[in-house]
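In: Sequence plus the predicted model coming up.
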Amino acid sequence: MSKGSQEKIPHTFARFDDILSEHVGEFGPFQRRNYVLLGACWIPTAFMLLNVVFTTAIPKHHCHLPTNVFEAFPKNYTSRLTDLFIPKIKDNDGKVQYDECKMYTFTNLSTEALYKMMEFNTTLNESQRELTTCTNGWTYDTSIYTSTIVSQWDLVCDRKVLVTISKSVFMAGLIAGCLMFGSVTDRFGRRPTILALGVVVTVLNIGIGFAESITLYIVLRFLVGASLIGIVNACFVEVIEYCGPNWRVFCGVCLDVFWCIGTFTLVLFAYLVRDYWKLHWILTGSCGLFLLYFCTIPESARWLYVTKREEKGNKLLMKLAKHNNKSLPTDLIVQTKAEQKGTILDLVRTPNMRKKTLIVCFNWFTSSLLYYFLTLNTAQLVGSPYLNFFLSILVEVPAFIICLFLFKRIGRRITQSAALLLGGIALLLIIPLPKETPPEVIATLTNFGKFCTAASFRVVYQFSGELMPTGIRTIGLSTGSMCARIGGVLAPLVYDLGEHVDSQALPLIICGTCSLLGGFLSLLLPETKGKKLPESLEDGENFGKKQKKDEGQTNILMNEILLETNI
């Protein structure tokens, strides 16, 4: 295959990984440019996924004072009027605060009588007032958030459940997107999927900016989630398909650099812009900028060959070689095992693929459950929500760096297992601690759990992409990602479960147990370190079988040696 000739002489056959390693380069200028373009998709993804930490935050609030009373008194009477109309209660920490959902109403009490009562501290007859729900709306504390969707649509008290619903519905959208767009990406290509869904996400976010009800907001967020995960999965698959075996780990792990850039930028925007709608339009505009370069992203050459589009694949491969200052043999034929239309059933049709798929999906679920359990509630912690969020994301950076080191040293399987086992142990160790335990100890265990969870999330993304064959790689990745979103849907519910059953230990037991189970199951998966990616369904089924057989033969040989030694 040469640039000046379309002649095909089937003398030299090579798999795509071999072509990258031996002829065009595993991570040359072409791949590096493509890597930056695809990796940058993680920045707006972080915006869309985690902005709810700030936009759905519930500020301090209490019932709004009756309009006729509020307008009848000067502003310097506001504090005394609040004390008069709003009952005080103790929160879980024993601190006195205003009741958020109750207020007093007064019967047969004139404005003049109220004035005298406040001026002369007159004792009020309890028969003159009655405790009732908020009838005039709510007053919100704007010291941290100027506005959120909570203050925009009064999502407090009886309507507070809509906040949790909005988060869960967005995660449900991610699940729907995994189901819808996994097979679409494998059937129609990576590039068309990224382009089409990029436009859809931008249009939907513009629609959210004009939403006038919480119902419309929830519906549009569902659709954003479905489209967003389709882009993310397609970008990740193309990244690992263009990288050679020796660079695949580095490229996969370093995608989290873009994620961290997105999260740190998000917290900066949120800190500087405290108004929900202004923040939304800034994030939407930023996402729109990424859409401008999507058209420059090439199709996956590996996908073109697997789907029997050899002519387009040849042109793209020659372009790759030219940009990398390499040359291709004139008689080179790319050897692939063409796949027919893959479906989600191919993931579980054969025994070895079924085992790997179930374990990977459970690890996706567990990693996501723990990650969002520890991340999405940072706004409710004591202290600045912006600082809490920043610190919770900062702990992920060393996790990514250590993953990069461990991937090369001990591989994916042991790294995955260790991350889940240690994370589960850290969470379970919090349960027996006495109430007198210093907060620093609990914070250390919690942050270590978040560190391990971030590492596990990184490993499972890389691991599942390498275990699945090319023909159904996006389907496999989308299925695992769908299981992760189920964990994301359940995370806020598990967090609230502790309050409903009056046991803060129960959420930790659930998360810790799932983490330990995932850690042990990971040991049953084959190692992918230094291995070529499986291309056909047959490759996917056989991947790990030979390795297991070789390990069994090695064990038999070692036993024979030990017996001879003992004799």
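Out: Ah, there it is. Residues are numbered from 1 along each chain as shown.
In: just for the protein, where's the confidence low?
Out: Per-residue confidence of the chain (counting by pLDDT under 70) places the weak regions at 1-14, 68-77, 91-94, 107-128, 330-342, 376-383, 439, 498-503, 546-567.
In: Now the helix or strand hosting Leu445: buried residues?
Out: Assigned by DSSP states H and E, Leu445 belongs to helix 439-467. Buried residues in helix 439-467, counting neighbours by 16 or more other CB atoms under 10 Å, are found at 445-467. No exception for glycine: its C-beta is placed from N, CA and C like everyone else's.
In: Just the buried residues of the next helix-or-strand element following it, please?
Out: Later in the chain than helix 439-467, the nearest helix or strand by DSSP H and E is helix 473-500. Of all the residues in helix 473-500, those buried under the rule 16+ other CB under 10 Å are 473-492, 494-495, 498.
In: and if you look at stretch 190-209?
Out: Within stretch 190-209, the residues that qualify as buried are 190-191, 193-198, 200-202, 204-205, 207-208, counting by 16+ other CB under 10 Å.
In: ok so, going back, the helix holding Leu445 packs against which elements?
Out: helix 214-242, helix 248-272, helix 351-375, helix 385-394, helix 396-409, helix 412-430, helix 473-500, helix 505-522 (3 or more CB pairs under 8 Å, 6 or more residues apart in numbering; DSSP states H and E).
In: Nearest to Pro329, out of those?
Out: The closest of the helices and strands packed on helix 439-467 to Pro329 is helix 214-242. By CB to CB, the value is 20.1 Å.
In: Just put the helices and strands packed on helix 439-467 in CSV and tack on distance to Thr56.
Out: Formatted as CSV, the helices and strands packed on helix 439-467 follow (distance: least, CB to CB, whole Å):
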stretch, distance to Thr56
helix 214-242, 10
helix 248-272, 12
helix 351-375, 13
helix 385-394, 12
helix 396-409, 22
helix 412-430, 25
helix 473-500, 10
helix 505-522, 20
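In: Of all those helices, which one is nearest Ala321?
Out: helix 214-242 (12.9 Å).
In: If you count neighbours, what's buried in the closest one?
Out: Buried residues in helix 214-242 (16+ other CB under 10 Å): 214, 217-242.
In: quick one: that helix to helix 248-272, angle?
Out: Angle between the axes of helix 214-242 and helix 248-272 is 150 degrees (criterion: axes from the mean of the first three to the mean of the last three CA atoms, to 10 degrees).
In: Pull the number of nearby residues for the closest residue to Ser417 other than its chain neighbours.
Out: Once flanking residues are discounted, Ser417 sits nearest to Ser522: 4.0 Å by CB to CB, 6 or more residues apart in numbering. Neighbours of Ser522 under the rule other CB atoms under 10 Å: 26.
In: same deal with the one 3 residues further on?
Out: Here the count is done by other CB under 10 Å, and Leu525 has 20 residues near it.
In: any chance you could map the strands in the stretch 1-150 of the chain?
Out: 12-14, 61-63, 88-90, 96-98, 102-106, 129-133, 138-140 (DSSP state E, counting those that start in this stretch).
In: What residues of the second one count as buried?
Out: Which is strand 61-63. His61, His62, Cys63.
In: Pull the contacting residues for the residue nearest to Leu316 when sequence neighbours are not counted.
Out: In this structure, Leu316 finds its nearest non-sequential neighbour in Ala301, 4.5 Å apart by CB to CB, 6+ apart. By CB atoms under 8 Å, 6 or more residues apart in numbering, the contact set of Ala301 is Phe16, Glu241, Tyr242, Gly313, Leu316, Leu317, Leu320.
In: likewise Thr479?
Out: So Thr479 contacts Cys178, Gly182, Ile344, Leu347, Thr357, Cys361 (CB under 8 Å, 6+ apart).
In: which of the buried residues of stretch 190-209 lies closest to Val161?
Out: Closest approach to Val161 among the buried residues of stretch 190-209 (CB to CB): Ile208, at 20.4 Å.
In: Distance-wise, check that closest one relative to Pro507.
Out: Distance, Ile208 to Pro507, using CB to CB, to the nearest Å: 31 Å.
In: again with Gly177
Out: Separation of Gly177 from Pro507 (CB to CB): 27 Å.
In: So for these two, which residue has more residues nearby?
Out: Between Gly177 and Pro507, counted using other CB under 10 Å, the more crowded position is Gly177 (28 against 20).
In: isn't that one right up against Val224?
Out: No: contact criterion CB atoms under 8 Å: Gly177 and Val224 do not qualify, at 9.4 Å.
In: what sits in contact with each of these two?
Out: Common neighbours of Gly177 and Val224 (CB under 8 Å, 6+ apart) do not exist.
In: isn't Ile165 right next to Ile218, touching?
Out: Yes: using CB under 8 Å, Ile165 is in contact with Ile218, at 6.7 Å.
In: Any idea how many residues pack against the closest residue to Leu516 other than its chain neighbours?
Out: Ranked by CB to CB, 6+ apart and with sequence neighbours excluded, the top spatial neighbour of Leu516 is Gly424, at 4.0 Å. By the measure other CB under 10 Å, the count of residues near Gly424 is 27.
In: Next, work out how far apart Gly424 and Phe520 are.
Out: Distance from Gly424 to Phe520, by CB to CB: 10 Å.
In: Give me the common contacts of the two.
Out: Contacts common to Gly424 and Phe520, judged by CB under 8 Å, 6+ apart, are absent.
In: quick one: contacts for the closest residue to Cys157 other than its chain neighbours?
Out: Closest residue to Cys157 apart from its sequence neighbours, by CB to CB, 6+ apart: Cys101 at 4.0 Å. Counting by CB under 8 Å, 6+ apart, Cys101 touches Cys63, Thr133, Cys134, Val156, Cys157, Asp158.
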